[in-house]
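Novice: Okay, structure incoming, though there's no sequence with it:
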């Protein structure tokens, strides 16, 4: 009969052996952190074992699709862990800066309700039950916390030129100052039109509507500075900076509408993250696609957000990517072939995409990175790539990389050099669709 001490020793051995394992990846032995999706510990032993982890200022987590339940849940659980164990207090997401200001108000002062804040997230990608659950968790966490201990929620994207002006208008309609009517006149080129109408005006190059919006930006900037003493006296210096940030975001979005390219958007997102983290003076977690949080691109002409962050924070930025072998997700589904695109769009004159639906991809023989991972026999694990010399991670390999739209599985892979693009990777053998948010539930 085993003694209680012996039994305890066996349990401790089994727990420690489960938390990390040595497996063969290619020709090398690698330490991985296997986990079960419903296990509260997940891969978090890694963070406590990493010698310089307390020096990190930003942890970024990506996603290999914009619509996968497991990616969202793992990111949410990681953020909760970092909040409770490593004093992270700033949450950032690849969403509209102005739209997320409504969420910040809801989380910190109770303004609005969960339906209104989910609507203001704007992007369908985040309008899911998984994201809603995280927002409600943050709200519960913030209750009875002093202001400097509350979690703040920020969007760092800048593609929406409509919501920043609408937020400024909304703020002063709820918190009026003497010159509010003057502001209302200035912003009419936005407020008297729907978002779609403004979009079409910008697309019509003959109208030069971007010039109208740039002038609007200058006029609002002048108005804000003229009323700065009253705004800061009635609210705070931080409120004034947020309104200025909204206006900067608006100008960037109008610039973006003139098609300056991939680098411009990512440089703006990185600048926003740096500004938010400095303003809040706290550790920050960022949530975006793999294509943004990663440290480099195979095409040297492009610089993702993560590259700018690494340049600014050096080793104090840690980037975690996601990869998977097969599964379901939600995306805008197009024709299965480019010939189908031609027939459906050019000749049939029908809508190019079917709309947001559940899509799926099988295990694909050309996905050389995840094929190595499948050979480990592990359904889910985390691996740190910081000091790897493994050729699997140091040379170009292929894996699924899916954004907002989906054609077919053969056109959904991309080549990456894993150790150059991520500090760590999470692998999942199979995934399921994120749950679309249902209003009122």
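Specialist: Thanks, I have it. A quick note: this is a predicted structure, and the numbers were derived from the prediction, not measured.
Novice: Need the phi and psi values for residue 52.
Specialist: Here the main-chain torsion angles of residue 52 (degrees, to the nearest 10) amount to phi -100, psi 20.
Novice: Chain neighbours aside, what residue packs nearest to it?
Specialist: Take residue 52 and drop its neighbours on the chain: the residue closest to it by CB to CB, 6 or more residues apart in numbering is residue 315, 6.8 Å away. All C-beta spots, glycine's among them, are computed from the backbone N, C-alpha and C.
Novice: so that neighbour, which of the three states?
Specialist: Counting by DSSP: H, G, I helix; E, B strand; the rest coil, the backbone at residue 315 sits in helix.
Novice: The helix or strand of the chain with the lowest mean pLDDT: what's the following helix or strand?
Specialist: Here the helix or strand of the chain ranked lowest by mean pLDDT, DSSP states H and E is helix 4-19, holding a mean of 42. Note on helix 4-19: by DSSP states H and E, the next helix or strand toward the C-terminus is strand 21-25.
Novice: for that next one, which positions count as buried?
Specialist: 23, 25 (16 or more other CB atoms under 10 Å).
Novice: ok, and the closest non-adjacent residue to residue 151?
Specialist: Computed as CB to CB, 6+ apart, the closest residue to residue 151 that is not its neighbour in sequence is residue 138, at 4.9 Å.
Novice: all helices for the stretch 101-250 of the chain, in order.
Specialist: Along the stretch 101-250 of the chain, the segments classed as helices by DSSP state H, counting those that start in this stretch run 114-120, 129-142, 163-174, 180-186, 188-191, 195-203, 209-226, 228-234, 237-257.
Novice: so which of the ones you listed comes closest to residue 402?
Specialist: helix 129-142 (17.2 Å; CB to CB).
Novice: Downstream of the helix or strand containing residue 360, the next helix or strand is which one?
Specialist: With the criterion set as DSSP H and E, the secondary-structure element containing residue 360 is strand 356-361. For strand 356-361, the following helix or strand on the C-terminal side (DSSP H and E) is helix 368-374.
Novice: which residues sit in contact with the residue nearest to residue 129 when sequence neighbours are not counted?
Specialist: Distances taken as CB to CB, 6+ apart place residue 435 nearest to residue 129, at 4.0 Å, with adjacent residues excluded. When contacts are counted by CB atoms under 8 Å, 6 or more residues apart in numbering, residue 435 touches 69, 128-130.
Novice: try 10 Å
Specialist: If a contact means CB atoms under 10 Å, 6 or more residues apart in numbering, then residue 435 has 67, 69, 72, 128-133, 330 as its contacts.
Novice: What number of residues are in the vicinity of residue 161?
Specialist: 25 (other CB atoms under 10 Å).
Novice: cool, and residue 411?
Specialist: Residue 411 has 12 neighbours, counted by other CB under 10 Å.
Novice: and the gap between it and residue 334?
Specialist: Taking CB to CB, to the nearest Å as the criterion, residue 411 is separated from residue 334 by 10 Å.
Novice: ok, and the closest non-adjacent residue to the residue nearest the centre of the chain?
Specialist: Using CA atoms, centre = their mean, the residue of the chain that lies closest to the mean C-alpha position is residue 288, 2.2 Å off. In space, and not counting its chain neighbours, residue 288 is closest to residue 94: 3.7 Å by CB to CB, 6+ apart.
Novice: same check, this time on residue 64
Specialist: Nearest residue to residue 64, sequence neighbours excluded (CB to CB, 6+ apart): residue 322, at 4.7 Å.
Novice: so residue 169 touches residue 181, yeah?
Specialist: No - taking CB atoms under 10 Å as the contact criterion, residue 169 and residue 181 are not neighbours in contact, 11.8 Å apart.
Novice: Between these two, tell me which one has more neighbours.
Specialist: Set side by side, residue 169 and residue 181 show more neighbours around residue 169, with 18 against 9, by other CB under 10 Å.
Novice: Look at the more buried one and report its pLDDT.
Specialist: The confidence metric pLDDT takes the value 95 at residue 169.
Novice: Kindly report the same for residue 227.
Specialist: Predicted confidence (pLDDT) for residue 227: 95.
Novice: Test my guess that it contacts residue 178.
Specialist: Yes - with contacts counted by CB under 10 Å, residue 227 reaches residue 178, the gap being 8.0 Å.
Novice: Give the residue from the two that has the larger number of neighbours.
Specialist: When residue 227 is set against residue 178 and neighbours are counted by other CB under 10 Å, the residue ahead is residue 227, at 20 against 8.
Novice: residues contacting the more buried one?
Specialist: Residues near residue 227 by CB under 10 Å, 6+ apart: 172, 177-180, 182-183, 234, 240, 243.
Novice: What count of nearby residues applies to residue 205?
Specialist: There are 9 residues near residue 205, going by other CB under 10 Å.
Novice: So it versus residue 211, what's the distance?
Specialist: Distance from residue 205 to residue 211, by CB to CB: 11 Å.
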